[in-house]
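1. model the structure of this input:
(2 chains)
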Number of protein chains: 2
Amino acid sequence: MAKEKRTAITPTRAQDYPEWYQQVIKAAELAENSPVRGCMVIKPWGYSLWENMQGVLDKMFKDTGHTNAYFPLFIPVSYLEKEVEHVEGFAKECAVVTHSRLELNKEGKLVPSSPLEEPLIVRPTSETIIGEMYSRWVQSYRDLPLLINQWANVVRWEMRTRLFLRTAEFLWQEGHTAHATKEEAESETMKMLRVYEDFAQNYMAMPVICGKKTESEKFPGAVDTYCIEAMMQDKKALQAGTSHFLGQNFAKASQIKYLSENGVQEYAWTTSWGVSTRLIGGLIMTHSDDDGLMLPPRLAPLHVVILPILHKEEERKSVMEYCQRLKADISSQKYCEAPVRVEIDSRDLRGGDKMWNWVKKGVPLRIEVGPRDIASDSLFVATRHDSSKAPISRAEFLDTLPQRLQAIQDAMFAKAKAYRDASTVSINSKEDFYRFFEGESGGGFALAHYDGSEKVEDMLRNDLKVTVRCIPFDGDKTPGTCIFTGNPSAQRVVFAKSY
Amino acid sequence: MAKEKRTAITPTRAQDYPEWYQQVIKAAELAENSPVRGCMVIKPWGYSLWENMQGVLDKMFKDTGHTNAYFPLFIPVSYLEKEVEHVEGFAKECAVVTHSRLELNKEGKLVPSSPLEEPLIVRPTSETIIGEMYSRWVQSYRDLPLLINQWANVVRWEMRTRLFLRTAEFLWQEGHTAHATKEEAESETMKMLRVYEDFAQNYMAMPVICGKKTESEKFPGAVDTYCIEAMMQDKKALQAGTSHFLGQNFAKASQIKYLSENGVQEYAWTTSWGVSTRLIGGLIMTHSDDDGLMLPPRLAPLHVVILPILHKEEERKSVMEYCQRLKADISSQKYCEAPVRVEIDSRDLRGGDKMWNWVKKGVPLRIEVGPRDIASDSLFVATRHDSSKAPISRAEFLDTLPQRLQAIQDAMFAKAKAYRDASTVSINSKEDFYRFFEGESGGGFALAHYDGSEKVEDMLRNDLKVTVRCIPFDGDKTPGTCIFTGNPSAQRVVFAKSY
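-> Here you go, the predicted structure:
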């Protein structure tokens, strides 16, 4: 047996994937559990990543005509009740505010006092409260469309939590739009799904499949839910973003009505769509390796870190000056229309510790600068993505930096796509299907014909913990026969285990 | 009696100042009350303003070495209890979460179920939960300083609420830093106060007085609270931002300890500082007039709005083309290192309605473009700030646009400062003091000698609803005699009624 390579993260992916995930987050200082059950603390490195994601998404939303607004954190219980599927979907796991004061009891303990007339829940999503406001704002067809997004925190009292993937409180954006026609609302739903696809693939370097959810997997209260699904390195699917066509369900629940051009009172057609800090979990599990996090350049808080090699005190001044000039030259380069993000790490740490610190944090490029490099005016450049290390002349490095970053971005996407494609198979019998998910290969995405019945979905959920991830838009649309029932099937759908 | 001028806002400031304030907000579509008690909805125009404020402040925080992070929404009641003044300050008005589920009772009504073991409160501020995290992160002097800011929503269950000024939920930023020495923490406290002063004066065009709070007005748990105080047009003071030196109070409460360079366990020294959406209230009341909102160019969501005059259908095409070219030329100009923000309003509305819409929204410059203007290649430019209207050649307008915007910014500050200074008086006797605040002038800022006693503060609060706004840093520092007690006074302090 070959000697095992030492890795910066223990355990490795192969040894214990869920624990590896936690350790990558810890080593990169992205987030940690707080003392408040299920609530995480997003640490500065993780939050910078979220800020970069927000920046790109926010621009995409604005470029597609949306503006931001802010709605209340609390939702009266009676609002939740307005839509029957919605209340069933969210009442079971929510934070309920019942009092507006604490006071000392006789034992000197602080206890709730001043009970509220009607309990409030902390928003798990804002369709109902935003619907109420829209019903006030929309009177005539001239008030439509309403195209609003909100960046906010939401709370779902999940029993089993996991950093970024499933936490009681998380950060997200929720777009809520109202339209005069069904066609326009459907087109909005699809447009925003494609914005998410663009973001996932071209910024996160995370390949996704766009498609529609089955009835049993859709959002509580939606007519149709569309999603982007990504494959993680344990071959499970991650639902990374959703866009809902709500029909007139919420418009009827909230009385969002308008006077049409023809003078008729009509209900509006609404949509909602969202992505959350869960995306950070997806990014981690798509790209990281046994040495830790790996960040795509387009979202990395830092593109380049300069590590001065300071062995002798008398060299310190000249090395630091060289590094400062290098930093200025690098940040005068542009990548994606903004200055390249670069820092010097001059902390008083052992060189190895310092280097590994940045490996685990996933910075795309590291440059070591010592007296010998300065003498030859060359840089020793380490690339996180492929673990390559090579000397390169300073001038050439600066000339090619934006292309180098884009090449890393592209290579990360290509690698992730190749991984996903290698674990995606067309399956043509129930036996092969069960073997695929029960076997040692660990499953992946199975493309199979399916008749659309909930009975099959229940069976697969119980037997294999496998669900229909989506009915994909792209790819093979040939009709066939359901491999589970023999009934007709309109097209193959994507099955997988999932987060 | 002179005929009253018709105004876009009814009532006027002179008729009913508090109602005028509500109507300005309504007319500008900045925000409105939601059906959730005390919680407001920040509408797109108001939120864009907040985004611009956030953008500037966030850059200032980062330029002074801070990074952002995110901490839990909920705080266990036991954490609040750790600091005795703190719990007294916040326990009386807080949202208490007691259950994690809703279920249908026998009457078919949704009621709270699954009680929590320990109730949680929705954060009114985050010193205690952040203190807990810092106690885990700080081990050695090498871990200090910790310089973190959080953008978040907070909840204080205020009984009397008022849009932006006092709402149950509001948006803010809270900086929390930990340092190895008292001096460093004090210097941080002061540095961030000066950041707020810079922001208020140079971006909001709102003059402020920097100073220290008295014991009775300081933050619950702080050693010293510093503030910026602004004067509104009703001559009341608005506390617009605070920066707290917390000493070792919260470090002791949360056990934030570090091993010093000398190998000794020491408590850290901490600070916190914050501004909130209350600033929007301050901006409104500093600048708006009886025609509505007035926005300083540095924060305005739009700098210029182009209003095409479309009387005849056959002119539409040429007018719109001219407007499009004009928009492109304007947005190619830069103001404060970013493109000038400009939109064309081509909505199908009466010209007068459309014009007044933008007056009430406070856009600094409006340009009307009709066939005659196009023929002469000149623009009819209306300036919101001084209600001036004048034709100007297109070329000259474009050449001078950035200077024109900065001139408006400067003029707004100068006007606000002149107003404040005219209502700020030095007062040398108790009689004059009472006359000043009880008289028809409506008060203002009174600079008077005061011995620092809480007894005087209580008397003035009861008699006049007047408080010490701050012990100012700048200006006259000559010692004197307290006008209320005859005791020695170190310097004059600022008294006012306040929000």
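
2. what separates residue A:464 from residue A:82, distance-wise?
-> Between residue A:464 and residue A:82 the distance, using C-beta to C-beta, to the nearest Å, works out to 37 Å. Glycine gets a C-beta too; all of them are placed from N, C-alpha and C.

3. mind showing which ranges of chain A have poor pLDDT?
-> A:1-4 (pLDDT under 70).

4. hey, where'd the helices end up in it?
-> A:17-27, A:44-63, A:77-80, A:84-90, A:127-137, A:182-202, A:249-254, A:278-287, A:316-331, A:351-361, A:371-376, A:394-422, A:430-438, A:454-464 (DSSP state H).

5. turn those into a markdown table, including mean neighbour count and distance to residue B:73.
-> Shown next, in a markdown table, are these (neighbours: other C-beta atoms under 10 Å in any protein chain shown; distance: least, C-beta to C-beta, whole Å):
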| stretch | mean neighbour count | distance to residue B:73 |
| --- | --- | --- |
| helix A:17-27 | 19 | 20 |
| helix A:44-63 | 18 | 15 |
| helix A:77-80 | 20 | 19 |
| helix A:84-90 | 18 | 17 |
| helix A:127-137 | 23 | 17 |
| helix A:182-202 | 19 | 25 |
| helix A:249-254 | 23 | 25 |
| helix A:278-287 | 25 | 17 |
| helix A:316-331 | 15 | 36 |
| helix A:351-361 | 17 | 27 |
| helix A:371-376 | 14 | 48 |
| helix A:394-422 | 17 | 33 |
| helix A:430-438 | 16 | 38 |
| helix A:454-464 | 14 | 32 |
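
6. so which of those comes closest to residue B:259?
-> Nearest to residue B:259, of all these, is helix A:351-361, at 18.5 Å by C-beta to C-beta.

7. distance check, residue A:225 against chain B.
-> Separation of residue A:225 from chain B (C-beta to the nearest C-beta, to the nearest Å) stands at 23 Å.

8. for that residue, give me its contacts.
-> A:212, A:213, A:217, A:218, A:219, A:242, A:243, A:244, A:245 (C-beta atoms under 8 Å, 6 or more residues apart in numbering or on different chains).

9. nearest to chain B among those?
-> residue A:219 (18.7 Å; C-beta to the nearest C-beta).

10. do I have it right that the closest one meets residue A:242?
-> Yes - the criterion here is C-beta atoms under 8 Å, and residue A:219 meets it with residue A:242 at 6.5 Å.

11. the strand ranked longest in chain A pairs with which strands, and in what direction?
-> Using DSSP state E to define each element, chain A has its longest strand at strand A:110-122. Applying DSSP bridges, strand A:110-122 is found paired with strand A:74-76 (antiparallel), strand A:96-104 (antiparallel).

12. please work out which of the ones you listed is packed deepest.
-> strand A:74-76 (a mean of 25; mean count of other C-beta atoms under 10 Å in any protein chain shown).

13. how far does it sit from the chain's center?
-> 26 Å (C-alpha atoms, centre = their mean, to the nearest Å).

14. cool, and stretch A:317-335?
-> 33 Å.

15. can you tell me what sits against it?
-> A:297, A:303-304, A:306, A:308-310, A:339-344, A:346, A:367, A:369-371, A:374, A:379, A:394, A:398, A:401-402, A:405-406.

16. run the last query once more with 6 Å
-> A:304, A:306, A:308, A:310, A:339-340, A:342, A:344, A:369, A:374, A:398, A:401-402, A:405 (C-beta atoms under 6 Å, 6 or more residues apart in numbering or on different chains).

17. swap in stretch A:449-459?
-> A:216, A:480, A:481, A:482, A:483, A:484, A:485, A:487, A:489, A:492, A:493.

18. pick the one among those closest to residue A:95.
-> residue A:216 (26.3 Å).

19. ok, now how distant is that closest one from residue A:467?
-> For residue A:216, the distance to residue A:467 equals 8 Å [C-beta to C-beta].
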